[in-house]
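1. sequence plus the predicted model coming up.
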Amino acid sequence: MTTTRTEKSNERDDVPRETSASTARALLDRVAASPAGKRILGEAGVSAQSADPAADFARLPILPRSDLARWQQEYPDRAGFATIPLSDFGRLGYHAGGEVDVAYAGRHGADVMADLFGRLGVTSSDVVVNTFGYHLATVAHVFDEGLRRLGACVVPAGPGNSALQLELFTRLRPTVWLGFPTFLWRTLTDAGSKDTSLRLAIVGGEFAPGVRRELHRQFGIDSRDFYGVSILGPAAYECAEKEGMHVTERMLVEIVDRDTRAPVAVGEAGEIVLTPLDHEYVVPRLGTGDLSRWLDEPCRCGDPSDRIAGVLGRVGEGVKVRGVFVYPRDVRSVRQALPADVEVALVVSRATDGGIRDILTLRVTPGKGPPPEGFEASVGEVFHDVCHVRLDEVTIVPELGTDSVLVDQREWEVAAP
Ligand SMILES: [Zn+2]
């Protein structure tokens, strides 16, 4: 397998990491195998037979996540970056905004995921509640296949319906929970009891301040975080030490300066840029919008692989709320469905009752007349249709109080307790 092991060119700590020549050469070959990738190489003046593949790979433009749907629409037969026909993936998803979601083709994805879940502490005797959405998204299915490949038993719970989740906790006695941390926290605190069969929570999303510590303190549940982008697969995961995340062998991870787009020095925050090394969907240099930094100290677990600090925050337009990216263009779509004379802004904040749940508030300025009967509810419906996540509140305000249509007021916690 190709490796992401990076070559440090000398002893200094502040030298940005470089992609090895052999990795870059293999990547350029694979990028050239998709129609969008071929065009990107051509426009950058880079040949797959480059004499200096690492330097040429680094010259490829970083593709903003928000542009992916556009590339996919331009080359629909391969959704832009597929190196095999779409029907050969075996499973295709589709997201609002026109993004095609590809699973790994064949059995390979299950092997990748089985390996990841094994590293995250799942064993063949576990019963795992998978609360990722099985509907129109491929990621929950790939996780499911990986867990079963590992020998674990999967409860395909999907998201939502805390009451039913609690009921199944009692009846099926799961030992591992997989999903977003805010949802687990809400479900457990709704239970009104500290007694749970869960021993481990594997979360694909940031912990709100204090949640990780409280999960352990109040419920005795250990937790592990991992990082990735659904369409490309996992990129990094926490070992038992929970001090940053080890980069997986299957993803080329770069961290670049938000302005200059050059690799950052060790310790400096920048945007995470991903290129998958073992996927049939080869998006070169996808800018995730997530911020992180390289950690330099060796991990206490003894694994010498590169580590990132986890997600420090967001750059760019997209804001991830309850696992879904919401973009300013989505908010503008919502506005277009409302009376022409109103203005809207979406504010993402944290609940004040312990600060654990994301709160989505849509501020709406009043139109010329009084709002029609049921206005707030219908705004909520429109919002859910467009953004696939529910609003908590619609507030009518005389002024929006912001120039941006999308405001993220949340603070992030990265370090383990
Ligand atoms: Zn470690």
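-> Received the coordinates, thanks.

2. which ones are touching the spatially most central residue of the chain?
-> Nearest residue to the geometric centre of the chain (C-alpha atoms, centre = their mean): Val229, 4.2 Å. Val229 makes contact with Arg65, Ala235, Leu274, Leu286, Thr288 under the criterion C-beta atoms under 8 Å, 6 or more residues apart in numbering. In short, each C-beta sits where N, CA and C put it, glycine included.

3. how near is it to Lys368?
-> 43 Å (C-beta to C-beta, to the nearest Å).

4. and the residue of the stretch 101-250 of the chain closest to the ion?
-> Cys239 (3.2 Å; C-beta to the ion).

5. if I've got this straight, Ala24 is in a helix?
-> Yes: membership of Ala24 in a helix is supported by DSSP: H, G, I helix; E, B strand; the rest coil.

6. how many residues are close by it?
-> Each residue near Ala24 was counted by other C-beta atoms under 10 Å, and the total is 23.

7. who's in contact with it?
-> Pro53, Ala54, Asp56, Phe57, Ala58.

8. roughly how far does Gly42 sit from the ion?
-> Plainly put, Gly42 is 41 Å away from the ion if you go by C-beta to the ion, to the nearest Å.

9. is that residue in a helix, a strand, or coil?
-> With three-state DSSP as the criterion, Gly42 reads helix.

10. the nearest residue to Leu68 once chain neighbours are set aside bridge partners, please.
-> Spatial nearest neighbour of Leu68, excluding adjacent residues (C-beta to C-beta, 6 or more residues apart in numbering): Glu99 at 6.0 Å. Glu99 has these beta-bridge partners by DSSP bridges: His95.

11. what about Glu99, distance to the ion?
-> Counting by C-beta to the ion, the gap from Glu99 to the ion is 33 Å.

12. would the residue of the stretch 101-250 of the chain closest to the ion count as being in a helix?
-> No: secondary structure of Cys239 (three-state DSSP): coil, not part of a helix.

13. pull the contacting residues for the residue nearest to Leu68.
-> Contacts of Glu99 (C-beta under 8 Å, 6+ apart): Leu68, Ala69, Gln72, Ile231.

14. shaky segments in the stretch 101-250 of the chain?
-> For the stretch 101-250 of the chain, applying pLDDT under 70 flags the ranges 208-209.

15. show me where pLDDT drops low in the stretch 251-400 of the chain?
-> For the stretch 251-400 of the chain, the ranges with pLDDT under 70 are 316-317, 325, 353-355.

16. helices of that one, start to end?
-> Using DSSP state H, counting those that start in this stretch, the helices of the stretch 251-400 of the chain run over 328-336, 375-387.

17. list the buried residues for the shortest one?
-> Residues of helix 328-336 classed as buried by neighbour count (16 or more other C-beta atoms under 10 Å): Pro328, Asp330, Val331, Ser333, Val334, Arg335.

18. about what we covered before: out of the contacts of Glu99, which is most surrounded?
-> That'd be Ile231 among the contacts of Glu99, by other C-beta under 10 Å, with 26 neighbours.

19. check for me that that one belongs to a helix.
-> No: according to three-state DSSP, Ile231 belongs to no helix; its state is coil.

20. doesn't Val102 make contact with it?
-> Yes: if you go by C-beta atoms under 8 Å, Ile231 and Val102 touch, sitting 6.5 Å apart.

21. what touches both of these two?
-> Common neighbours of Ile231 and Val102 (C-beta under 8 Å, 6+ apart) are Tyr281.

22. could I get the full set of strands for the stretch 151-300 of the chain?
-> Secondary structure of the stretch 151-300 of the chain (DSSP state E, counting those that start in this stretch): strands at 153-155, 176-179, 200-203, 222-229, 233-237, 245-247, 251-256, 270-276, 286-292, 294-295.

23. in a markdown table: the ones you listed, plus distance to Gly380.
-> As requested, these are arranged in a markdown table below (distance: least, C-beta to C-beta, whole Å):
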| stretch | distance to Gly380 |
| --- | --- |
| strand 153-155 | 30 |
| strand 176-179 | 23 |
| strand 200-203 | 27 |
| strand 222-229 | 28 |
| strand 233-237 | 34 |
| strand 245-247 | 36 |
| strand 251-256 | 37 |
| strand 270-276 | 33 |
| strand 286-292 | 26 |
| strand 294-295 | 42 |
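
24. run a quick neighbour tally on Leu267.
-> That one is not Leu; residue 267 is Gly. 12.

25. kindly report the same for Tyr75.
-> 17.

26. for the remainder of this discussion, apply numbering that starts at 853.
-> Happy to do that; since the first residue is 853 now, the last one works out to Tyr927.

27. so who does it touch?
-> Residues in contact with Tyr927 (C-beta under 8 Å, 6+ apart) are Ser886, Pro887, Ala888.

28. what sits closest to the last one if chain neighbours are left out?
-> Nearest residue to Ala888 in three dimensions, chain neighbours excluded: Gly932, at 3.7 Å (C-beta to C-beta, 6+ apart).

29. assign the one you found to helix, strand or coil.
-> coil.

30. would you confirm that Ala1093 contacts Cys1153?
-> No, residue 1093 isn't Ala; it's Glu. Yes: counting by C-beta under 8 Å, Cys1153 is a contact partner of Glu1093 at 5.0 Å.

31. identify the contacts common to these two.
-> With C-beta under 8 Å, 6+ apart, Glu1093 and Cys1153 have no common neighbours.

32. okay, and the beta partners of Asp1142?
-> The partner residues for Asp1142, given DSSP bridges, come to Arg1166.

33. I'd say it and Val1171 touch.
-> No: between Asp1142 and Val1171 there is no contact under C-beta under 8 Å: 11.2 Å.

34. more neighbours: those two, which one.
-> For the pair Asp1142 and Val1171, the greater number of neighbours falls to Asp1142 (25 against 22), based on other C-beta under 10 Å.
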